[in-house]
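Undergrad: The sequence and its predicted three-dimensional model are supplied below.
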There are 2 protein chains.
Amino acid sequence: MLNASVLEYLESHRREHLSRFFELLRFPSIAGLAGGDGCERAAEWLAGYFRKLGLQAEIVATDGRPNVIAEAHIAADLPTLLIYGHYDVQPPDPLDAWRSEPFEPVVRDGCVYARGASDSKGQLFAYIRAVEAWRQAGDAMPVNVKFLVEGAEEVGSPGLEAFLATHADRLAADAAVIGDSEFFNPSLPSITYSLRGLAYVELTLKGPVSDVHSGLHGGAVANPINALGRLIAAMHDEAGSVTLPGFYDDVLVLSDAERRTWRRLPFDAEQYAASLGLTELAGGEKDYTVLERRWARPTLDCNGIVGGFIAAGAKTIIPSEASAKVSMRLVPNQDPHKIIEGFKRFVAEHTPPGMTATVQAGAEARAVLLRSDTAAVKAAVAALADAFGQKPAMIRCGASVPVAELIQRLLGLDAVLMGFGLPSDNVHSPNEHFRLEQLWRGSIAAAAMMQNLREPEL
Amino acid sequence: MLNASVLEYLESHRREHLSRFFELLRFPSIAGLAGGDGCERAAEWLAGYFRKLGLQAEIVATDGRPNVIAEAHIAADLPTLLIYGHYDVQPPDPLDAWRSEPFEPVVRDGCVYARGASDSKGQLFAYIRAVEAWRQAGDAMPVNVKFLVEGAEEVGSPGLEAFLATHADRLAADAAVIGDSEFFNPSLPSITYSLRGLAYVELTLKGPVSDVHSGLHGGAVANPINALGRLIAAMHDEAGSVTLPGFYDDVLVLSDAERRTWRRLPFDAEQYAASLGLTELAGGEKDYTVLERRWARPTLDCNGIVGGFIAAGAKTIIPSEASAKVSMRLVPNQDPHKIIEGFKRFVAEHTPPGMTATVQAGAEARAVLLRSDTAAVKAAVAALADAFGQKPAMIRCGASVPVAELIQRLLGLDAVLMGFGLPSDNVHSPNEHFRLEQLWRGSIAAAAMMQNLREPEL
């Protein structure tokens, strides 16, 4: 059971913390868009908050968005916990699909609606509240804590590998926890032990030197949009498998035991489809279950496409060019760099006559598979059971949190992905929200995990 | 030879007419874009100009953009010539590819650069100059003239069929001429005797109810962009033929004689490709020559495509929807309505599971084949030879000028397509321009054609 004073502090500061949370949500901290100082302002706010709690905090500039490091060293004989979060968020587009302003948080039906509320300012804030409660109300902090709050997670953490390598000593810890994951469902808390990786590319096909009249030239000039359509179509076969050369070469095969475990999870595919407004789940490979396809099989999805005349009305042209943004989600043992090389080779081999193709490589992140038998996982399991009254499930997740693999590889720690999001939070979508109950109980779980780390026998 | 006073008037009014032409070009008369009054202002300017020349002019409102009708009745025993032009223009996008402002005309290297300079304000203005010269300087107008200046040609003339039917008596004439076509090359004046038709559609595929996270859902949710790519790809086979049901059923087969004639035209495919910045002409059906494919074979081209995240940067989503604008160029005997029905059937049959498709039908225009043995064609041939010193070629054109078929069907006239554009004018593209020499000599040809109509024996 969590220390009573800490629990009391958390319960009695809800109103004040909600105001602070709103302050953090108001920063349009979109790492993926050029211009604006939303990221910088969010980083300053965080550093200021950490300092108010008595932590040593520093904003560390990078080539991209700044990261925030903060530390409270209590005693040499206490375990040190590294807490990771990110303050940057996805762009809010399409704006007209939001019921309220993405950067002006509001509470509706027990949820805070704002871009980043769930992914992952809300989850980060649960950990901050836990540290605050221990410092202000606890007898003593049960752990030394270090925070690493990143500013470029949503664009694939481009500089994070170098950053962790540079600051490895400073970030050294006995355990790490990441607040950027979801429960399996609202009543089943979860610890995520594997995440997919990412390879992001942008493909452009160029045809005629400028847009040309589709009547005068149609039939003679190859059309970049039609050609891009063919190229995209050729990237999957009839069975839904990706056709890029070598795409599946290194894929870690799922064990029968793992597949059996997942089949026992309370997953309702129809309900899941309905939650997305779909009558049918038609993506991915035919030979795998929906969870297997989302969690443990690599995918290729176009994230955006544009070419020619896209305003309202009509314009009869063969456009000069067309381009698509493509994300590939990778599974353990796949090498993002090798995958992007395969993508480039595929494009080179399939670029039709009369067309020039360019592929611009974007973010890369390896998938990760984390140990489930560590003291930190045990502390987290007990903490979640304490806070939510339900033993957590061990699950995978199809999204990418590049830091998990980097912490494993560069800091030698198998982090615990103990996040408080729910699948219905609309992360990366309009009307993103975070259930307040997840914030309140998540803070309890975070505080309890710290206590359990000091007292693993309890 | 053209009447000397008329010729002298045209030569001595170049400077003044260039200023008037610039006034007309400054109106952003884009029928295809909602908002703005560029079309209405252009129509008013034209009506005012016609009235200054002593014509009876009227702006006739329609459901869309207004049309301008003007008339000068000289004598009952003179033939009546109907002159068609359009004042509306294509949108200027992409704006950043223009060397000067699209609606602020400038002269560079003997050409006027502006959107609509060649297509077709410049060509219309040549006919207006001809009428002006006859009225101000000639002994007497050799013909009665009627002008029909349309305001929605570039969006497929949606209301023109009803308009011509309503005003058939008022527009009745002995001959018709259309100033909206091109020379075969700069030294070969041409009369166009066939134009392709048009069927325009917009196709939208909808998947999940909103954009969703490509990591969390990739592998389960079918992606509308990927699906649209497959759908577009499936619309052509390996030989470059269109696969829509019934697409070729009614196509008028080319005669061997016509194919032979075209092979004798001074067409240099390499030079044509180079003019478009291409090393290869890879569009269309393999079994036809480039001219055959452009002039007498139907095509299907995507004019625009958009879906998902298209700003700079990265966003990892499966988008809620993706859509494409598609123009199909039709040849004689194809029925645009039937073609659009075939498109809809194809989409219905090929819409993948997990996706909803909608097809919005746009403009429709039939292709046209015009008689080449009329008195009006003879008058035009002699006039072009007079003005340009070269007997014109009889050619086809791949573009659509819906009015030609409508004049044939509703007014019973096989119009003469005597236009003064050049293939290098960048119509529908950035940096559209019109060679001033084409304006000056085109005006002479237009004036001479009127004279020849009165005196067919000359």
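TA: It's in. Numbering: from 1, shown residues only, chains lettered A, B, ... in the order given.

Undergrad: Quick check: the residue of the stretch 1-150 of chain A nearest chain B.
TA: Chain B sits closest to A:G32 of the stretch 1-150 of chain A, with a gap of 3.8 Å, by C-beta to the nearest C-beta. Just so you know, the C-beta spots here come from the backbone N, C-alpha and C atoms, and that holds for glycine as well.

Undergrad: I'd guessed that residue sits against A:Q90; true?
TA: Yes - between A:G32 and A:Q90 there is a contact at 7.2 Å, judged by C-beta atoms under 8 Å.

Undergrad: Quickly list what's touching both of those two.
TA: A:E154, B:K315 (C-beta atoms under 8 Å, 6 or more residues apart in numbering or on different chains).

Undergrad: who's more crowded, the two?
TA: For A:G32 versus A:Q90, neighbours defined as other C-beta atoms under 10 Å in any protein chain shown are more numerous around A:Q90 (27 against 21).

Undergrad: Against B:F22, how distant is the more buried one?
TA: Using C-beta to C-beta, to the nearest Å, A:Q90 is found at 48 Å from B:F22.

Undergrad: tell me the secondary structure for A:L148?
TA: strand (DSSP: H, G, I helix; E, B strand; the rest coil).

Undergrad: Wait, it touches A:Y87, no?
TA: No - using C-beta under 8 Å, A:L148 is not in contact with A:Y87; the gap is 11.1 Å.

Undergrad: Find residues that contact each of the two.
TA: Here A:L148 and A:Y87 share the contacting residues A:V68, scored by C-beta under 8 Å, 6+ apart.

Undergrad: now the strands: where do they sit in the stretch 101-250 of chain A?
TA: Secondary structure of the stretch 101-250 of chain A by DSSP state E, counting those that start in this stretch: the strands cover A:106-108, A:111-113, A:144-150, A:175-178, A:190-195, A:197-206, A:212-213.

Undergrad: how about the second one against chain B, any contact?
TA: No - figure legend: strand A:111-113 not in contact with chain B (C-beta under 8 Å from any C-beta of the partner chain); closest approach 13.5 Å.

Undergrad: Next, the residues that contact that strand from outside, please.
TA: Contacts to strand A:111-113, defined as C-beta under 8 Å, 6+ apart, come from residues A:18, A:21-22, A:25, A:99-100, A:105-107, A:117, A:122, A:431-436, A:439.

Undergrad: Let's see that with 10 Å instead.
TA: A:18, A:21-22, A:25, A:98-102, A:104-107, A:117-118, A:121-122, A:422, A:424-426, A:430-439 (C-beta atoms under 10 Å, 6 or more residues apart in numbering or on different chains).

Undergrad: Ok, the shortest one next?
TA: Contacts of strand A:212-213 from elsewhere in the structure, counted by C-beta under 10 Å, 6+ apart, are A:218, A:220-221, A:223, A:315-320, B:90, B:119, B:275-278, B:398-399, B:423, B:425-429.

Undergrad: at 6 Å instead, please
TA: A:I318, B:V427, B:H428, B:S429 (C-beta atoms under 6 Å, 6 or more residues apart in numbering or on different chains).

Undergrad: Hmm, A:V290 and A:A273 touching each other?
TA: No - here A:A273 lies out of contact with A:V290, judged by C-beta atoms under 6 Å, at a distance of 8.7 Å.

Undergrad: Give the residues shared as contacts by these two.
TA: A:L281.

Undergrad: Which residues of the stretch 251-400 of chain A lie near chain B?
TA: Neighbours of chain B within the stretch 251-400 of chain A, by C-beta under 6 Å from any C-beta of the partner chain: A:276-278, A:280-284, A:290, A:293-294, A:297, A:299, A:301-310, A:312-318, A:327, A:329, A:353-354, A:362, A:398-400.

Undergrad: From those residues, list the buried ones, please.
TA: Buried subset of those (neighbour count, 16 or more other C-beta atoms under 10 Å in any protein chain shown): A:276, A:278, A:281-284, A:290, A:293-294, A:297, A:299, A:301-310, A:313-318, A:327, A:329, A:354, A:362, A:398-400.
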